[in-house]
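Colleague: missing the sequence, but the structure's below:
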């Protein structure tokens with residue numbers, strides 16, 4: 001038989017505050033049923049968590065499936081453009097910059113002179129080498145000596161036939177002719193060496209002019225007039241090639257497998273809503289293990305220069 005509970009709950013004062021004094025019978029009932037109630041609540045909570053996890057996993061699976069399907073269709077693939085090449089143009093030689101012929105933002109053509117190093121010493125060496133290359137006195141002297149000794153040998157040979165010359169004299173004359181011919185060859189080789197030395201100094205002088213390896217735009221000057229270019233830091237300026245441009249995209253490996261190098265694609269520039277045709281330039285042979293994506297680069301012709309590097313773009317199906 002259950003104890004009869006009173007509806008009147010007396011109050012008692014604890015530290016100046018009133019609190020309810022529960023009857024002894026109600027406190028005993030709570031003590032007896034408390035552990036079972038707590039255990040039931042824990043089991044219920046665990047079941048709710050398990051069900052919630054299953055629901056969340058199912059939702060994530062559906063979302064991933066939808067995303068993969070959208071990616072396979074080529075939807076909302078955004079990327080960005082970058083220069084086809086970014087080159088830190090360096091000087092071949094060390095020295096002080098004597099001339100800077102371009103400015104930041106200036107367009108240059110391939111082979112155009114961008115800067116020059118001081119070349120006073122090299123010009124003097126080139127003049128000396130040119131003078132030495134043109135000198136023919138030593139060769140002329142060697143040729144004259146060779147002809148003189150050849151004539152003497154011919155005369156001795158004739159006298160030897162008549163018996164008026166000894167064999168030793170003829171042998172000595174032949175040896176002198178051989179030495180004279182060797183001197184002529186030495187003079188010619190020396191002249192060739194001086195010619196090559198002239199070409200070396202001339203080439204070295206040309207290398208003191210910094211030229212553009214490709215047509216592009218100067219984005220940064222690393223050295224100014226009068227500054228020294230050292231062998232360990234030879235960069236003079238940065239040059240970017242903007243024709244063509246490269247558009248970089250990151251896509252799922254399933255979609256990248258449907259592309260091939262040389263394939264034509266449409267690229268939409270979000271700024272200005274400009275549409276251009278591109279060609280697949282590069283497909284990364286490695287898939288990122290964490291994201292499962294592949295890098296793809298698309299080449300876009302930009303002869304007009306209207307398309308900018310660094311702009312957001314979209315690859316259209």
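Modeller: That came through, no problem. All figures in this text were calculated on a predicted structure; none of them were measured in a lab.
Colleague: residues of the longest strand along the chain that come out buried?
Modeller: With DSSP state E setting the assignment, residue counts place strand 235-252 as the longest strand in the chain. By neighbour count, with 16 or more other Cβ atoms under 10 Å as the criterion, the buried positions of strand 235-252 are 236-247, 249, 251-252. (Glycine included, C-beta is placed from N, CA and C.)
Colleague: does residue 107 touch residue 217 like I think?
Modeller: Yes: under the contact definition of Cβ atoms under 8 Å, residue 107 touches residue 217, with a separation of 5.5 Å.
Colleague: which of the two has more neighbours?
Modeller: In this comparison of residue 107 against residue 217, neighbours counted by other Cβ atoms under 10 Å, the higher total goes to residue 217 at 19 against 13.
Colleague: what's the helix or strand for the more buried one?
Modeller: strand 216-221 (DSSP states H and E).
Colleague: so how far is stretch 257-268 from its chain's centroid?
Modeller: Shown here is stretch 257-268, whose average C-alpha point lies 23 Å from the average C-alpha point of the whole chain (Cα atoms, centre = their mean, to the nearest Å).
Colleague: and that stretch, how far apart are its ends?
Modeller: Stretch 257-268 has its terminal residues 22 Å apart, counting by Cα to Cα, to the nearest Å.
Colleague: and residue 96, what are its bridge partners?
Modeller: With DSSP bridges applied, the residues forming beta bridges to residue 96 are residue 228.
Colleague: what's around it, how many residues?
Modeller: By the criterion of other Cβ under 10 Å, residue 96 has 12 neighbours.
Colleague: please tell me how far it sits from residue 127.
Modeller: Counting by Cβ to Cβ, to the nearest Å, the gap between residue 96 and residue 127 amounts to 21 Å.
Colleague: how about residue 309?
Modeller: Plainly put, residue 309 is 46 Å away from residue 127 if you go by Cβ to Cβ.
Colleague: tell me which of the two has more neighbours.
Modeller: Counted by other Cβ under 10 Å, residue 309 and residue 127 do not tie: residue 309 has more neighbours, with 18 against 12.
Colleague: so that one, which of the three states?
Modeller: Under the three-state scheme (DSSP: H, G, I helix; E, B strand; the rest coil), residue 309 adopts coil.
Colleague: so which residues of this structure form helices?
Modeller: Counting by DSSP state H, the chain forms helices over residues 24-72, 120-134, 137-162, 167-206, 253-256, given from the N-terminal end onward.
Colleague: mean pLDDT lowest where, among those helices?
Modeller: Of all the helices of the chain, mean pLDDT reaches its minimum on helix 24-72 (a mean of 51).
Colleague: walk me through the domains of the protein.
Modeller: As given by automatic domain parsing, the domain ranges for the chain are 72-85+239-316, 119-207.
Colleague: right, and those - which one's nearest residue 222?
Modeller: Distances from residue 222 to each of the domains of the chain were compared using Cβ to Cβ; the minimum, 11.1 Å, belongs to domain 72-85+239-316.
Colleague: and the closest one, how far from the chain's centre?
Modeller: Between the mean C-alpha location of domain 72-85+239-316 and the chain-wide mean there is a distance of 17 Å, by Cα atoms, centre = their mean.
Colleague: got it, and stretch 112-126?
Modeller: For stretch 112-126 - counting by Cα atoms, centre = their mean - the centre lies 29 Å from the chain centre.
Colleague: between the two ends of it, how far is it?
Modeller: From its first residue to its last, stretch 112-126 covers 23 Å (Cα to Cα).
Colleague: ditto for stretch 285-299
Modeller: Taking Cα to Cα as the criterion, the two ends of stretch 285-299 lie 18 Å apart.
Colleague: show residues contacting that stretch.
Modeller: When contacts are defined by Cβ atoms under 8 Å, 6 or more residues apart in numbering, stretch 285-299 is touched by residues 84, 244-253, 256, 259, 265, 267, 278-284, 315.
Colleague: so which bits of it are buried?
Modeller: By 16+ other Cβ under 10 Å, the buried positions in stretch 285-299 come out as 293, 294, 295, 296, 297, 298, 299.
Colleague: so what's the residue count around residue 117?
Modeller: 23.
Colleague: ok, now residue 81?
Modeller: Counted with other Cβ under 10 Å, the burial measure for residue 81 works out to 24 neighbours.
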